[in-house]
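Colleague: Have a look; sequence and predicted model below, questions after that.
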Amino acid sequence: MEINDITYKIRGCIFNVYNELGPGLFESVYEAALLYELNKSGLSVKSQVELAVH
């Protein structure tokens with residue numbers, strides 16, 4: 001899968017979540033909904049991944 005295909009799927013998932021939930025909710029609600037949509041679309045995602053900063 002090319003990068004344009006991946007970003008197209010991601011944007012589609014973002015629009016689906018926003019159109020379904022609308023504005024005004026906590027960020028954690030949007031995060032959970034977006035993770036669900038991304039997994040449903042076939043993408044492998046992780047949430048709140050720890051990164052080492054040097």
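Modeller: That came through, no problem.

Colleague: going forward, measure contacts and count neighbours with C-alpha atoms only.
Modeller: Will do.

Colleague: could you measure L34 against I3, distance?
Modeller: L34 sits at a distance of 19 Å from I3 (criterion: C-alpha to C-alpha, to the nearest Å).

Colleague: and what of Q48?
Modeller: Computed as C-alpha to C-alpha, the Q48 to I3 distance reads 22 Å.

Colleague: The helix ranked longest in the chain - contacts with which helices or strands?
Modeller: As assigned by DSSP state H, the longest helix anywhere in the chain is helix 3-21. Identification of packing neighbours for helix 3-21 by 3 or more C-alpha pairs under 8 Å, 6 or more residues apart in numbering; DSSP states H and E yields helix 27-40.

Colleague: Just the angle for the helix it packs on relative to helix 3-21, thanks.
Modeller: Helix 27-40 and helix 3-21 are oriented at 130 degrees to each other (axes from the mean of the first three to the mean of the last three C-alpha atoms, to 10 degrees).

Colleague: Between L34 and I3, tell me which one has more neighbours.
Modeller: L34 (20 against 8; other C-alpha atoms under 10 Å).

Colleague: Which of the residues in the longest helix of the chain are classified as buried?
Modeller: 9-10, 13-14, 17 (16 or more other C-alpha atoms under 10 Å).
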